[in-house]
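Peer 1: quick one, what's the 3D model for this:
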Amino acid sequence: MPRSAVLSEPLGKPKNEPRPRTFSSYTCGVKFQGLVHLLAIAGSFGSTFACGKVVDEIGNDGGRDSSGDVFAVDSHSGSNSGDDEIYATPDSSVDVLTPDVVAEVPPCPDAGDSGVPSPSCAPGGDGMTNCGSCNESCCTSPEIEGGTYDRTYTYGDTSSYANPAMVSGFRLDKYLVTVGRFRQFVAAWSNGAGYLPSSGAGKHTHLNAGLGLENSGSPGTYETGWDATDDSYIDPTDANLACQAPSNTWTNTSGGGQENLPINCVTWQEAYAFCIWDGGFLPSEAEWEYAAAGGRQQRQYPWGSTDPGTNNQYAIYGCDYPSAAGICDAPGVGNIAPVGTASRGVGLWGQLDLVGEVWEWNLDWYASYENPCSDCAYLKYSKASLGRVYRGGIYGDVPIFLLPPTRSAHPPTLRNSGFGFRCAKTP
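Peer 2: Down below sits the predicted model:
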């Protein structure tokens, strides 16, 4: 991927007005050879780039100072601001900058699944086939390209990078699981008389010759899949899904206007069982963070470095939905948005709501990171464990919980209106 891109088309608006952010990583408003331009930084060079701050030159000369290099300059310690500028020294052989433009909000995809019909969306209707601004299948599952990244990091500080992990390619739901999708699972479960996962189901069978993820809690062993002793914890009754009413998104019947909200009040076991029933599995903690961090880009937020603000464009958090009031006083589920509402918060591979809305259950037990990690998950139970990992922050959280490395845990049997999930699938 090119290191940078400069477009020569003037924006046609005063320099201090907000610029559209239209690139794969993030952009700064720039002044270049007398015109206002956009500069997109697609990767790190020297120190991590921060909009405006003098960090390193951009050029094709291996980092040496020379005429034609472009420097980022401002006085805001790297924050995005209206008077960020780029200065260049023109010469007869200006460094080549190759455009790498990606729409901020990707166009509606032609396909985003593995081609295998998902039972949770098969009936069609609200919360199944009308999600997001694309009004698309709520089961859309974009593929994530595998790679390596660091599980521990502070954005912009490469010295903080630690606990590297390798993650193979997989698919991850674009949207959080909706009430409408979960309703199909509840029907299949049929008050305990219907569906239950088969013992050993739900493994990452595309990895390690079918053995699945390596268990970093017991090196040399692999994930075992569904444990039948957890069957009794699958109990998604109307009463159980009404935890912490009136903040529960579940309704006893469809048609109440909440089918496109993320399901909450589900246990870890119910989340895992749903994903198995729907043809997938719960993402490991390493997989989830890899998607949220943009892989090796080690992003500040899933969408880049733009501040999430309070207008619900990038994330649903801080009780700013729907009116930017910052107070969780909306009636019932009024502070929770339909999935995909924060359309500018799209991650590198197309997922939405990776942070905010509801916490997301992951596969792992909580533990200190083990190294090395190659398609790993911590799957060894310990009485000392805090519980199963959850990630991503909720509709009432402060910004620190929107950072991809932030991790927490709770007992897997917990029901809480802040907990939901999304599923992963084989690539």
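
Peer 1: contacts and neighbour counts: CA atoms only from here.
Peer 2: Fine.

Peer 1: packing partners of the longest strand anywhere in the chain?
Peer 2: Counting residues, the longest strand in the chain under DSSP state E turns out to be strand 157-167. Applying 3 or more CA pairs under 8 Å, 6 or more residues apart in numbering; DSSP states H and E, we find strand 157-167 packed against strand 147-154, helix 285-293.

Peer 1: looking at these, which is buried most?
Peer 2: With neighbours taken as mean count of other CA atoms under 10 Å, the helices and strands packed on strand 157-167 reach their highest mean count in helix 285-293, at a mean of 27.

Peer 1: could you give me the average pLDDT of that one?
Peer 2: For helix 285-293, the mean per-residue pLDDT is 98.

Peer 1: need the contact partners of stretch 193-207.
Peer 2: 188-189, 210-213, 223-228, 231, 272-273, 275-277, 280-282, 375, 426 (CA atoms under 8 Å, 6 or more residues apart in numbering).

Peer 1: quick one: distance of that stretch to the chain centre.
Peer 2: 24 Å (CA atoms, centre = their mean, to the nearest Å).

Peer 1: could you export that stretch as CSV, CA atoms only?
Peer 2: This file holds the C-alpha atoms of stretch 193-207, laid out as CSV (Å, rounded to 0.1, in the frame of the first residue of the first chain):
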residue,chain,number,x,y,z
ALA,A,193,-37.1,-28.7,23.3
GLY,A,194,-35.4,-27.8,20.1
TYR,A,195,-31.9,-26.8,19.1
LEU,A,196,-28.8,-27.3,21.2
PRO,A,197,-25.2,-27.3,19.9
SER,A,198,-23.5,-30.6,19.3
SER,A,199,-20.6,-31.4,21.6
GLY,A,200,-17.4,-30.1,20.0
ALA,A,201,-19.2,-27.8,17.6
GLY,A,202,-18.1,-24.2,17.0
LYS,A,203,-14.4,-24.7,16.4
HIS,A,204,-12.3,-22.8,13.9
THR,A,205,-12.1,-25.8,11.7
HIS,A,206,-10.2,-23.9,9.0
LEU,A,207,-7.2,-23.7,11.2
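
Peer 1: stretch 387-394 spans what distance, first to last residue?
Peer 2: 18 Å (CA to CA, to the nearest Å).

Peer 1: so what's L282 up against?
Peer 2: L282 touches G202, A271, Y272, C275, W361, N362, L363, R422, C423, A424, counting by CA under 8 Å, 6+ apart.

Peer 1: again, only using 7 Å
Peer 2: When the contact criterion is CA atoms under 7 Å, 6 or more residues apart in numbering, the partners of L282 are Y272, C275, N362, L363, C423, A424.

Peer 1: pull the number of nearby residues for the fifth one.
Peer 2: Put plainly, it is C423. Using other CA atoms under 10 Å, C423 has 28 other residues around it.

Peer 1: identify the residues contacting Y222.
Peer 2: Here Y222 is in contact with L211, G212, L213, E214, N215 (criterion: CA under 7 Å, 6+ apart).

Peer 1: so which of the residues you listed is the most crowded?
Peer 2: L213 (26 neighbours).

Peer 1: model confidence score at that one, please.
Peer 2: Confidence at L213, expressed as pLDDT, is 98.

Peer 1: count the residues that sit near the nearest residue to D126 once chain neighbours are set aside.
Peer 2: Counting by CA to CA, 6 or more residues apart in numbering, D126 lies nearest to E259, which is 5.7 Å off, once chain neighbours are set aside. By the criterion of other CA under 10 Å, E259 has 25 neighbours.

Peer 1: same question for F170.
Peer 2: 20.

Peer 1: give the closest residue to S374 in space, chain neighbours not counted.
Peer 2: M166 is the one closest to S374 (CA to CA, 6+ apart), at 4.7 Å.

Peer 1: you'd agree the one you found is up against P372?
Peer 2: No. Assessed by CA atoms under 7 Å, M166 is found out of contact with P372, at 8.8 Å.

Peer 1: who has more neighbours out of the two?
Peer 2: M166 (20 against 12).

Peer 1: any idea how far that one is from M128?
Peer 2: 33 Å.

Peer 1: about what we covered before: got the contact list for the residue nearest to S374?
Peer 2: Contacts of M166 by CA under 7 Å, 6+ apart are G147, T148, Y149, C373, S374, D375.

Peer 1: got JSON lines for the contacts of L282, with secondary structure and distance to T406 too?
Peer 2: Converted to JSON lines, these look like this (DSSP: H, G, I helix; E, B strand; the rest coil; distance: CA to CA, whole Å):
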{"residue": "Y272", "secondary structure": "helix", "distance to T406": "21"}
{"residue": "C275", "secondary structure": "helix", "distance to T406": "23"}
{"residue": "N362", "secondary structure": "strand", "distance to T406": "13"}
{"residue": "L363", "secondary structure": "strand", "distance to T406": "16"}
{"residue": "C423", "secondary structure": "coil", "distance to T406": "19"}
{"residue": "A424", "secondary structure": "strand", "distance to T406": "20"}
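
Peer 1: the stretch 201-350 of the chain: strands as residue ranges?
Peer 2: For the stretch 201-350 of the chain, the strands defined by DSSP state E, counting those that start in this stretch cover 214-215.

Peer 1: likewise the stretch 51-200 of the chain?
Peer 2: Using DSSP E, counting those that start in this stretch, strands in the stretch 51-200 of the chain cover 70-73, 85-88, 143-144, 147-154, 157-167, 170-172.

Peer 1: quick one: which of these is nearest R391?
Peer 2: With respect to R391, and counting by CA to CA, the nearest of the strands of the stretch 51-200 of the chain is strand 147-154 at 12.8 Å.

Peer 1: which stretches of the chain aren't confidently modelled?
Peer 2: 1-116 (pLDDT under 70).

Peer 1: now do the helices in it.
Peer 2: Taking DSSP state H as the test, the helices found in the chain are 179-189, 268-277, 285-293.

Peer 1: for N252, find the nearest of those.
Peer 2: Using CA to CA, the nearest of the helices of the chain to N252 is helix 179-189, at 9.3 Å.

Peer 1: so how far is the closest one from its chain's centroid?
Peer 2: With CA atoms, centre = their mean, you get 24 Å for helix 179-189.

Peer 1: now do it: everything it contacts.
Peer 2: Contacts of helix 179-189 (CA under 7 Å, 6+ apart): 120-121, 126-128, 194-196, 236, 249-250, 258-263, 274.

Peer 1: give me the buried entries from those residues.
Peer 2: Among those, those classed as buried by neighbour count (16 or more other CA atoms under 10 Å) are 120-121, 126-128, 195-196, 236, 249-250, 258-263, 274.

Peer 1: hang on, the earlier thing: which ones are touching the residue nearest to D126?
Peer 2: Counting by CA under 7 Å, 6+ apart, E259 makes contact with D126, G127, T178, V179, G180.

Peer 1: much appreciated, bye for now.
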